Structure formats: structure tokens, C-alpha cells
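>>> sequence? don't have it. structure:
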């Protein structure tokens, strides 16, 4: 990779091998830790190739128009550029499509963390009435069995014949592909980990200082000594969208509690009801402290993956910084760490330049 030679030349070999090698000796982009891979789904080239094909297949939807890549477009840094995701028949959900890039580093998936793995995440959209709109997984398996290429690909990837293919094999392949959708080697990485001090502009360097100190960004968007995922893998209430649910909060909370206790699947409700969606992590845990909390997203490639926030309600980085500067949107559940920053105009501008320096080469000029 582009940054690998630089880090070998400037950092001790032991450090390089602890931060640059992934599964089976995979060379990682500069600035990233090893990709977590579950023991029951080891990586392999045949499985990854299969997963990519499945990721792109529009036939796995009720009207034959939606694939995973519909909302996660490679040329748009695996986002769709829309405030809110759209599924079959143009149906609109309730949440913004987060990038797949570096999603392998999240401990839980979706904005509310309702599943613990990429494999489980891949299942959800297929049977969500707003997204792929399938009633169950049977049509996917039937398409795969009849396809001229899939049976041999599954045989190479998993050593199984067509009659043995299940949805678990499908999502394992998709997840394996997604674990290769990683990016680092940004100007920040070359500056921070490659020791290339000219990699970032003076404004971006000042912005990094704001990020770490007065801006308090690093509290949640973590930068470690040898790598940076730019997330704490936790959930926070910034107040965004909370005004929509606050007037009826008690009633909505009670309805969700009753539904979960009755065993009703809420995945469809999250994308079908804006008010339920705004409860955030609470829908998963039923912990009142989690109301309005959403996962900390990575900031890598953030300059090309807008609009921002779980509801896509903020268009620009400048507006995002203004939100944090004012201390979020006031509400009873606001995180205690969210408070006014009182940044100067120069500090805000420098912070934007730093965020732009988190763009990896393959996604430059993609928005």
C-alpha cells in the first residue's frame, strides 16, 4: 500500500507488524489496526469475491431494484449521498445510510447497535419492508441455486453443494467482503503515523490541535498511539432530532416497551416510524438513559460521506461543528459531556481542514 513503505522506513519493525498486518498477512493501509475477524468466518479470496457479487445483486429484493450497493455506493465512499435511505418502490426510511468503509471496526452495527456483527447486519435489510422488502430469505436461496455462477462460487468458498446453501452462508460471504472495505493512508495518517510532517497543511495541523483539546472531539472519536478508528464504539445523545419525539416521549417509550415484551420485531418499526427511530439505542436496551443515543460514527472520509447525523439532517461539516460548538441541541437526555465549546471562527475553519485531511486517496473528490 502507498503508506506501507513510509511506515517501514520510519517506524520500528515490531510496531509495523503490530499495526499493518491483518488476516493472513493482509497489508493494511497506514493508520489502521488489524481487522477483527470472527473465528467461525475466516477470510479467504473465494469468499470475498463471492461476497462482493452478492453485495451488488439487485435480484435480492422484492422489485428487483435494490442491492446492498444501492445505499452503499463505492464511488460515493460506500454511502448514497442522501439524507435518508431509500428502498424498494422509492420508499424512504428514517435514517441516513452510514458508510460501509471501516465498519469492520465497529463492535456493533446499525446506528443503534442492535446487532453485534456484520453477518447479522447483512440479514436485516433483506427482510425489512422499507429496504429490500422480502418476506423471508427463500427467494435469495432460490436465485442463488439457479444462477449459472453462484453454485460453483459457494462450492469454492464454503465447500458446499447448492442444496446446502443457507442465508448464513450468504451473509458470511457479504461480511467477508465488507471486511476488505477499509481505508486509511490519509494525509492525517501520513502525518501522524508516517512521520511525514508535510502531509497536512498548517491549517489542518492547527485543526488537529483543536480536535484534541478545546474541541474535545477526541473524547469520542478516538486517536490511538499506533492507529485511529475515530470512534469510541459508544452511544451518545447530541439532541439531534429529539424535538420530534419529546412531546410524546412517555407514550412512545411505553409502546416500545410493550412491543418488545410481546416479542414483536422492531426492525421494521425503526425504519417505518420516525418517532420510534428517534429513541435510538433505547429500542435495543430499554434503558431510559439510552433514549436518543446513537453510535459514534467514524470520521474517516467524513468530508465525502455527508449529509451527517443519524437522520441526515445536517448538510455540511461547518454546520456539524456549529452544532457541537453550541453544545448540541438541548434536551433532558443530553449527554453530560456535550456543552458549549466557544470556538473562534479560525478554530472552526482549522477543524474543517483537519476533517478534510481524513480522506483516503481512493475517495478524494468522490462527493
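Now that the structure is in, tell me what you want to look at. Fair warning: this is a prediction, and the values are worked out from it, not measured in the lab.
>>> for this structure, which spans come out with low pLDDT?
1-26, 268-269, 271, 366-367 (pLDDT under 70).
>>> can you tell me the helix or strand for residue 215?
Counting by DSSP states H and E, no helix or strand carries residue 215.
>>> That one and residue 342 touch, don't they?
No: applying CB atoms under 8 Å as the test, residue 215 and residue 342 come out as separate, 10.6 Å apart. Yep, even glycine has a C-beta here, placed from its N, CA and C like the rest.
>>> more crowded one of those two?
With neighbours defined as other CB atoms under 10 Å, residue 215 and residue 342 compare such that residue 215 has more, 23 against 10.
>>> That one and residue 320: what is the separation?
Distance of residue 215 to residue 320, computed by CB to CB, to the nearest Å: 11 Å.
>>> Could you do residue 154 as well?
Distance from residue 154 to residue 320, by CB to CB: 43 Å.
>>> And the two? Which one has more around it.
Taking other CB under 10 Å, residue 154 and residue 320 do not tie; residue 154 has more neighbours (25 against 21).
>>> give me every residue that touches that one.
The contact partners of residue 154, by CB atoms under 8 Å, 6 or more residues apart in numbering, come to 50, 144, 160, 162, 165, 169, 173.
>>> how close does it sit to residue 82?
33 Å.
>>> again with residue 113
Taken as CB to CB, the span from residue 113 to residue 82 is 22 Å.
>>> same deal with residue 158?
34 Å.
>>> quick one, which of these two is more surrounded?
More crowded of residue 158 and residue 82, by other CB under 10 Å: residue 158, with 19 against 15.
>>> Not counting sequence-adjacent ones, nearest residue to that one?
Spatially, and ignoring its direct neighbours in sequence, residue 158 is nearest to residue 169 (5.5 Å; CB to CB, 6 or more residues apart in numbering).
>>> One more: residue 207?
Closest to residue 207 by CB to CB, 6+ apart is residue 354, at 2.9 Å.
>>> Check whether that neighbour sits in a helix, strand or coil.
Here residue 354 is helix, with the state taken from DSSP: H, G, I helix; E, B strand; the rest coil.
>>> Touching, it and residue 212? I think so.
No: taking contacts as CB under 8 Å, residue 354 lies outside contact range of residue 212: 9.8 Å.
>>> Between the two, which is the more surrounded one?
When neighbours are counted by other CB under 10 Å, residue 354 and residue 212 differ, and residue 354 comes out ahead with 25 against 14.
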